[in-house]
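# Quick one, what's the 3D model for this:
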Amino acid sequence: MNNLKVTNAAEVEDVVRAAIASEQPLDIIGHGSKRQIGQLTTTNAVLDLSALNAVISYEPNELIITVQAGAPLADLLSLIDSKSQQFAFEPMDTGPLLGLPGRGTIGGMIAVGLAGPRRIRAGGVRDHLLGAHAVSGFGESFKTGGKVVKNVTGYDLCKLLAGSWGTLAVMTEVTLKVMPRPESERSLVLRGLDDLKANRAMTAALGSPFDVSGAAHLPAASLRPDVDGLSDIGSPREAVTVIRLEGITASVTHRAASLAKQLSPFGPVDIIADDASARFWSAARDVLPFAANGPLGAWPVWRIVCPPVSGAAIGQALTRPTGGEVIYDWGGGLIWATLPPQPDASAGLVRQQVEAAGGHATLLRAWDEMRHAVDVFHPQPAGVAALEERVRVSFDPKSIFNRGRMRRSVAS
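Sure thing, here's the model as predicted:
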């Protein structure tokens, strides 16, 4: 494997131009923490951005940070936390699910676009990406966006980079907005609800005026006592439905009491605060009940996004015939499903149920044989796929970047 480690944007340009000339595809990596996600690629050249790790500027008063794309995400989270700030979209750490150490880089976080529980209120990664410097598949550097929170000058290409899995361009520098960390948080806990009733409770909470920032449901089977953050909320064999509120202490306390009263028809409501609440949401964000070092570590894991009203029905349609397990986030709009191993990772069943509801499913954890046999990312309708391909070609006409990572139909 030819590891091409670069230290600045000019070197990235040189590597990309050489790859274009030789028609040599490049795998783009930071720490390689997410290389196990996506279709299998076959290239012997890796463009390593891990040395592009500097913080260019951080302006806490302006709520803006600019960093090189290879900067370690863990270091940046620590830096902004020291100023009582956070990335509001709550980036997921895929390490526990994949059995890999570390959180990866800021570029990897943007490229995969996996937001956490606060997505329902704060939006996704692309909503917080203000600007980027990148190198296209023409070997040319370009800049998109800027360092202002309100940018109405036109369509920001940087929005396309978020969630593109490195198939459009090589990001070298990015600017993101940060937000103040809430002073306090409270989570309301309802116990023993089945999936359908929990779905209704979460919908009621999200439709309330109390500014909910998280709504998740863990069925009894997934609530394991040895998972950090879950032992704080009671019995390991009793389903929990958890609703989060954040803000200044006085407001959160008042809103929690009012919402508990509104949810009382669903059953008794317990309230957990601050550290205990934060540990639960960290466990839910990173899907720790399905961690690679846990009892279900040998099972494939699907990430399903669907209309929240369909969440419980999809979850039950997947678990009842297979004996699998699910976790619901985003009020039912995000389902994590782990199913007993099959050669096709049960892709036929999953996609049938998800497509009927108008959702999409990504095979986030799977072994090489499964990734070779099925489409990891949800197949697009012909029109959407054609549009997506035109966009990709406009950035990378020779398919140099992460060739075949998102589509099996792309030649390796």
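# Now do the phi/psi pair for the residue nearest the centre of the chain.
Central residue of the chain (C-alpha atoms, centre = their mean): residue 114, 1.4 Å from the mean position. Reported as degrees, to the nearest 10, the phi and psi values for residue 114 are phi -90, psi 100.
# ok, now which ones touch it?
91-92, 94, 125, 303 (C-beta atoms under 8 Å, 6 or more residues apart in numbering). The C-beta positions use only the backbone N, C-alpha and C, and glycine is treated the same way.
# same check, this time on residue 217
Contacts of residue 217 (C-beta under 8 Å, 6+ apart): 193, 195, 198-199, 202, 239-242, 327-328, 332.
# go with 6 Å
Residues near residue 217 by C-beta atoms under 6 Å, 6 or more residues apart in numbering: 198, 241, 328.
# Angles on the backbone of residue 239, please.
Per degrees, to the nearest 10, the backbone of residue 239 is at phi -60, psi 150.
# Then the one 3 residues further on?
With angles defined as degrees, to the nearest 10, residue 242 shows backbone torsions of phi -120, psi 130.
# what sits opposite it in the beta ladder?
residue 189, residue 216 (DSSP bridges).
# give me the number of residues near it?
Using other C-beta atoms under 10 Å, residue 242 has 25 neighbouring residues.
# what ranges do the helices span in the chain?
Taking DSSP state H as the criterion, the chain carries its helices at 9-22, 73-81, 95-98, 106-112, 119-122, 158-161, 195-206, 249-263, 274-285, 311-322, 347-356, 368-373, 382-395.
# how near is the residue nearest to the centre of the chain to residue 165?
The gap separating residue 114 from residue 165 is 11 Å, by C-beta to C-beta, to the nearest Å.
# So which of the contacts of residue 114 sit within strands?
residue 303 (DSSP state E).
# Sort out which one of the contacts of residue 114 lies nearest residue 390 for me.
residue 125 (23.2 Å; C-beta to C-beta).
# Is that closest one in contact with residue 88, as I believe?
No. Counting by C-beta atoms under 6 Å, residue 125 does not reach residue 88; the two are 10.3 Å apart.
# where in the stretch 51-200 of the chain is pLDDT low?
147-156 (pLDDT under 70).
# one more time with 90, if that's ok
Across the stretch 51-200 of the chain, the ranges flagged by pLDDT under 90 are 101-103, 144-159.
# So what's the residue count around residue 282?
So residue 282, with other C-beta under 10 Å, has 16 neighbours.
# And the one 3 residues further on, by the same measure?
The local packing count at residue 285 equals 22, with neighbours defined by other C-beta under 10 Å.
# do the same with residue 140
Count around residue 140 with other C-beta under 10 Å applied: 12.
# Quick check: phi and psi on it?
According to degrees, to the nearest 10, residue 140 has phi -120, psi 140.
# measure it to residue 20 for me?
10 Å.
# Take the contacts of residue 217 and write them to TSV, including neighbour count.
Output for the contacts of residue 217, formatted as TSV (neighbours: other C-beta atoms under 10 Å):
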residue	neighbour count
198	28
241	28
328	29
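# Residue 207 and residue 13: what is the separation?
50 Å.
# what bridges to residue 180?
With DSSP bridges as the rule, residue 180 is bridged to residue 85.
# got a list of what residue 337 touches?
Applying C-beta under 6 Å, 6+ apart, the residues near residue 337 are 302, 318, 326.
# Isn't the last one up against residue 313?
No. Shown here, residue 326 and residue 313 do not form a contact pair, counting by C-beta under 6 Å, at 11.4 Å.
# Please name the residues that touch residue 296.
290, 338.
# i'd like the first residue to be 46 from this point on
From this message on, residue numbering opens at 46, which makes the last subject residue 341.
# Model confidence score at it, please.
pLDDT, residue 341: 94.
# Just read off the phi/psi values of it.
Dihedral angles (degrees, to the nearest 10) for residue 341: phi -110, psi 20.
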